[in-house]
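A.B. asks: Predicted model, plus sequence, below.
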Amino acid sequence: MDKSNEATRFKKTIIKISIVLKTKMIMQRMFKLVFIGVGIVLCYTSCESKKEEKEAETKFSVTSPLRKDTLVTREYVAQIRSIQHIELRALERGYLQNIFVDEGQFIKQGQRMFQIMPMLYQAEQQRAQAEANFAEIEYRNTKTLADSNVVSKNELALAKAKFDKAKAELSLAQVHLGFTDIRAPFSGIMDRFYVRQGSLVDEGDLLTTLSDNNKMWVYFNVPEAEYLDYKMHARKDSLMKVNLLMANHQQFEYTGVVQTIEADFNNETGNIAFRATFANPKGLLRHGETGNVQMVVPFVDALIIPQKATFEVLEKKYVFVVDSVGKIIQKEIEIAAEMPDLYVLKSGVTAKDRILLEGIRKVKDGEKIGEYEYKDAQNVISHLNVYVE
C-alpha cells in the first residue's frame, strides 16, 4: 500500500515539473516574439524617418541659360623680353686692362665700359702712320717729277697706289685700336661680368650683356581657334589692348598693345606667337621675367550657364535638361569660354531649355523628378558674383 502511494506521488511530481517547464518555454517564446515585434517596429520607424529625411533633403532647382553680351578674360603664359638685349663681346685678343662700370648699372649710350690692353694696337697704328707718311712723301716727290716730265705717268700712278694702300692700312690699324675701347651702343642696364679685370680674353669672348628696358616685348602663344576668332573680329584701324599679370599676381600698371603676330604656327603645339609691347618707364620689368597676358574677348549674345549645373564624363561636359513632364535628359555641351563659376556655351542647349541646377548627383538620365523650384537665370548669375555685361 505504501509503495502504491509513493508511485502516485512521484507521478504527480513529474507532471508538475513538466507543466512548469512547458510554462517557462511558452513564456520565453512570448518574450522572444515581443522583442522581435518591438525590433521590427523600431526598424520600420527608423527607415520611415530616414526616408522622410531623404525626401526632405532632396530638393531640386531648375534654371535656364542666360543670353547676354559679356566679356571673357583669357590668360596666356608669357615671356618678357627687352626691346633691345645684346651680348657685348671682345673684338680683339688681349688682357682686360680696365673695367669702368659695375654690374646692374644703368649705362648711357657711348659710355666707356671696358678697355683691352691697347699697347700692341697703338704700336701697329704708329707703324701704319709712319708708312702712310713715307708713302705720301714719295707720292708728292713723284708728282713733282711727273709734272716736269722727268718720270712717266705710270710711275706716278704706282706711287699713288702705294700711298692709298698705306692710308688703308692706317685706317685698319685705327679700327683695331678702337676695338680695344668698348663703349655702350645704346642706353640700358648692364648684366653681370663674365670676365674679370686682368683676364686674358680672346676675340669673341663674352664680357657682359646690355638690356634696353624702356619698352618691353611680351611674347605669348595663342591656339589656332582663338587666333582665328581674333583675326575675324579684329579691326584694321585699331590694335588689341592687353594687360600683364606679373609673377606676384599683381597687374602691371601700363597697358600693352598687340603689334606683331609671327608668320607660322608651331606644328607640335598648334599655337602661334603674339607679341605685345608694354611701356616700362619705371623700369619695373626686366628681361627674362615671366607673367600672364590677359586678353579681354567680347562675346555678343552669348549663352551662359553656371558651372555647378554641369558634370563631366570621360572629359566631356554634360547638363541635365528637364522636359515638360519632369523627365531628366542628359545632353552634351561644348564650351566656348570659361569664366569664374560660369561657362559660355558654343552648343548643346538653347535659352528655352530648363537645366537642373541643384540635385544633379541624385538623379540619372531618364528618371523623373517631382516638384522642383525654378530660379530665374539672372538671379542665379548675380548670386555667383561674376561680372556680366
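C.D. replies: Okay, I see it. Residues are numbered from 1 along each chain as shown.
A.B. asks: buried sites along the helix or strand that contains residue 273?
C.D. replies: In the assignment (DSSP states H and E), residue 273 maps to strand 271-279. Going by neighbour count (16 or more other CB atoms under 10 Å), the buried part of strand 271-279 is 271-278. For the C-beta atoms, the positions are set from N, CA and C on the backbone; glycine is no exception.
A.B. asks: Switch the residues you listed over to TSV; also include distance to residue 206 and pLDDT.
C.D. replies: Below are the buried residues of strand 271-279 laid out as TSV (distance: CB to CB, whole Å; pLDDT from 0 to 100):
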residue	distance to residue 206	pLDDT
271	32	94
272	32	94
273	27	94
274	31	94
275	26	95
276	30	94
277	28	95
278	28	96
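A.B. asks: Out of those, the closest to residue 105 would be?
C.D. replies: residue 278 (23.3 Å; CB to CB).
A.B. asks: Check this structure and tell me which residue is nearest its centre.
C.D. replies: With the centre of the chain defined as its mean C-alpha position, the nearest residue by CA atoms, centre = their mean is residue 77, 2.6 Å away.
A.B. asks: Spatially nearest residue to that one (excluding sequence neighbours)?
C.D. replies: Excluding its sequence neighbours, the residue lying closest to residue 77 (CB to CB, 6 or more residues apart in numbering) is residue 292, at 6.1 Å.
A.B. asks: And the next helix or strand past whatever helix or strand that neighbour lives in?
C.D. replies: Using DSSP H and E, residue 292 sits within strand 290-306. Toward the C-terminus, strand 290-306 is succeeded by strand 310-313 as the next helix or strand (DSSP H and E).
A.B. asks: list the helices and strands that following strand packs on?
C.D. replies: The helices and strands touching strand 310-313, judged by 3 or more CB pairs under 8 Å, 6 or more residues apart in numbering; DSSP states H and E, are strand 316-322.
A.B. asks: Give me the neighbour count for residue 116.
C.D. replies: Counted with other CB atoms under 10 Å, residues neighbouring residue 116 total 23.
A.B. asks: Got the phi and psi for it?
C.D. replies: The phi and psi values for residue 116, taken as degrees, to the nearest 10, are phi -90, psi 140.
A.B. asks: what residues are up against it?
C.D. replies: 90, 92-97, 179-180, 182, 201 (CB atoms under 8 Å, 6 or more residues apart in numbering).
A.B. asks: how about the residues you listed in TSV, adding pLDDT?
C.D. replies: Conversion of those to TSV gives the following (pLDDT from 0 to 100):
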residue	pLDDT
90	90
92	87
93	88
94	88
95	90
96	90
97	90
179	84
180	86
182	90
201	90
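A.B. asks: between the residues you listed, which is closest to residue 161?
C.D. replies: Set against residue 161, the nearest of the contacts of residue 116 by CB to CB is residue 179 (27.3 Å).
A.B. asks: can you pull the contacts of that closest one?
C.D. replies: Under the criterion of CB under 8 Å, 6+ apart, the neighbours of residue 179 are 91-92, 116, 121.
A.B. asks: Name the residues that touch the strand holding residue 273?
C.D. replies: Contacts of strand 271-279 (CB under 8 Å, 6+ apart): 76, 83, 214-224, 227, 242, 244, 252, 254-262, 264-266, 285, 293.
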